[in-house]
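*Asks:* I need the structure of the sequence given here:
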Amino acid sequence: MDLNIQPILQNEKVVLYPLKETDFDELYAAASDPKIWEQHPNKDRWQKDIFQTFFDGAMQSHGAFKIVEKETGITIGSTRFYDYDGQKRQIFIGYTFYATKYWGTGINHSVKKLMLDHIFQFVPNVHFHIGANNVRSQIAIGRLGAEKIGEQEVAYFGEPTRLNFEYSISKEQWQTRQNFNKINASGI
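*Replies:* Numbers count the residues shown, from 1 in each chain. As a prediction, this is how the structure comes out:
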């Protein structure tokens, strides 16, 4: 099976569309709130010129998505697959943000579930870079079952290098967690 890191992915809440150049304005509308970036390593991404650099990096990654709320058709954020390593058989998920209206609504879990279910068809390991000061995202990634495995300086496209924590989850860990959740949901 050929690795596809930019399919259209969807569930009952969201649709992830491959990011296109024409998506800049609607994605920037979702990203222009300074509160979104308070805990991110690069806190100025709410500024249009700095967001443009972020967007350019997303386009060059060939793995970025715009996240659209299914019910309204509104663009609510972005995420991407990146740094695929065929020898290690792993890939990263990250550069994720959501408009603040969608925080705490289950959207992040829903998006990550779509992405993990898809990518685990191709690789047995997924990694995440989370900013060292981004406690909100560290908690969220832990809820998915990912574990912190290290710290490293990450060079962002067109932006300064920043300290990140690296998290990892294997296909086996993810499937075990999904099975556990199904059993708990069924009341068995």
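*Asks:* what about the helices in this protein?
*Replies:* Ranges of helices in the chain, per DSSP state H, are 24-31, 48-61, 107-119, 135-143, 171-186.
*Asks:* any idea of the mean pLDDT in the longest one?
*Replies:* Average pLDDT, helix 171-186: 76.
*Asks:* returning to that earlier point: just name the most buried of the helices of the chain.
*Replies:* helix 107-119 (a mean of 19; mean count of other C-beta atoms under 10 Å). In this view, the C-beta of every residue, glycine as well, is placed from N, C-alpha and C.
*Asks:* re the thing from before, to I8, which of the helices of the chain lies closest?
*Replies:* Ranking the helices of the chain by proximity to I8 (C-beta to C-beta) places helix 107-119 first, at 10.3 Å.
*Asks:* before we move on, back to that, Serialize the helices of the chain to a markdown table and add fields for distance to W37.
*Replies:* Formatted as a markdown table, those follow (distance: least, C-beta to C-beta, whole Å):
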| stretch | distance to W37 |
| --- | --- |
| helix 24-31 | 8 |
| helix 48-61 | 9 |
| helix 107-119 | 16 |
| helix 135-143 | 11 |
| helix 171-186 | 28 |
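*Asks:* okay, now the closest residue in space to Y102 that isn't next to it in sequence: neighbour count?
*Replies:* Nearest residue to Y102, sequence neighbours excluded (C-beta to C-beta, 6 or more residues apart in numbering): I76, at 5.1 Å. A count of neighbours around I76, defined by other C-beta atoms under 10 Å, yields 24.
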